[in-house]
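Student: sequence unknown, structure follows:
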């Protein structure tokens with residue numbers, strides 16, 4: 001019998017795991033409730049509908065990435081190499097630890113043609129990701145070049161995640177992260 005009592009944060013954390021693996025369309029509210037070990041009706045205590053749930057999941061992922069990236073970037077006691085190491089650890093945690101790839105990219109691809117209603121949160125995620133990488137690049141590159149390279153690096157990482165999932169080999173993401181390091185540490 002499913003539990004009745006669970007926190008909103010616990011629900012969101014379990015839902016993100018399911019969405020990462022199965023996508024939005026293949027995750028019914030019944031599937032999500034089962035994954036969370038709660039009654040389907042319990043979702044409606046926290047969320048008006050599935051769209052509201054998905055938007056909160058994306059906001060949670062965005063918040064987590066932004067908080068942890070900024071924590072590393074804003075720590076003035078860290079050298080650039082240490083900041084980069086922390087960002088690499090964050091990327092590994094997000095994309096190597098869990099099955100399914102990048103929730104933001106998966107959701108963007110899944111909803112691009114049929115329903116782009118999640119794009120605001122997805123764009124915000126990628127803008128912040130690019131901006132964080134750009135901040136590291138500004139140490140050794142012009143504003144314009146840093147922006148260009150940051151966009152390229154995020155594209156490379158997302159492609160690395162995709163190929164890692166397609167081939168079941170983490171080398172694709174690891175290679176993208178090494179290229180990121182090379183760009184950031186080059187003088």
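Tutor: Thanks, I have the structure now. Not measured: the values here are computed from a predicted model. Residues are numbered from 1 along each chain as shown.

Student: when you work out contacts or count neighbours from here on, use the C-alpha atoms and nothing else.
Tutor: Fine.

Student: so where is the chain shaky, pLDDT-wise?
Tutor: 1-5, 114-115, 187 (pLDDT under 70).

Student: list the contacts of stretch 147-157.
Tutor: Contacts to stretch 147-157, defined as C-alpha atoms under 8 Å, 6 or more residues apart in numbering, come from residues 126, 129-131, 133-134, 137, 173, 176-177, 179-180, 183.

Student: the same query, at a cut-off of 7 Å, please.
Tutor: Defining contact as C-alpha atoms under 7 Å, 6 or more residues apart in numbering, one finds that stretch 147-157 is touched by 130, 133, 134, 173, 176, 177, 180.

Student: what comes up buried for that stretch?
Tutor: Residues of stretch 147-157 classed as buried by neighbour count (16 or more other C-alpha atoms under 10 Å): 147, 149, 150, 151, 153, 154, 156, 157.

Student: what's the burial count for residue 55?
Tutor: Summarising burial for residue 55: neighbours were counted as other C-alpha atoms under 10 Å, giving 17.

Student: then residue 38?
Tutor: Residue crowding around residue 38 was assessed by other C-alpha under 10 Å; the count is 19.

Student: partner residues bridging it?
Tutor: residue 3 (DSSP bridges).

Student: okay, the buried residues of stretch 147-157 in JSON lines with secondary structure and distance to residue 61 next?
Tutor: Shown next, in JSON lines, are the buried residues of stretch 147-157 (DSSP: H, G, I helix; E, B strand; the rest coil; distance: C-alpha to C-alpha, whole Å):
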{"residue": "147", "secondary structure": "helix", "distance to residue 61": "23"}
{"residue": "149", "secondary structure": "helix", "distance to residue 61": "24"}
{"residue": "150", "secondary structure": "helix", "distance to residue 61": "20"}
{"residue": "151", "secondary structure": "helix", "distance to residue 61": "20"}
{"residue": "153", "secondary structure": "helix", "distance to residue 61": "20"}
{"residue": "154", "secondary structure": "helix", "distance to residue 61": "16"}
{"residue": "156", "secondary structure": "helix", "distance to residue 61": "20"}
{"residue": "157", "secondary structure": "helix", "distance to residue 61": "17"}
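
Student: what is the nearest of those residues to residue 74?
Tutor: Out of those, the one with the shortest distance to residue 74 is residue 150. That distance is 17.6 Å, counting by C-alpha to C-alpha.

Student: what about residue 60, which helix or strand?
Tutor: Secondary structure from DSSP states H and E places residue 60 in helix 50-73.

Student: which parts of that helix are buried?
Tutor: 50, 53-62, 65-66, 69, 72-73.

Student: out of the contacts of stretch 147-157, which comes closest to residue 22?
Tutor: The closest of the contacts of stretch 147-157 to residue 22 turns out to be residue 173 (C-alpha to C-alpha; 20.6 Å).

Student: I'd assumed residue 161 was in contact with that closest one.
Tutor: Yes. With contact defined as C-alpha atoms under 7 Å, residue 173 reaches residue 161; the gap is 5.4 Å.
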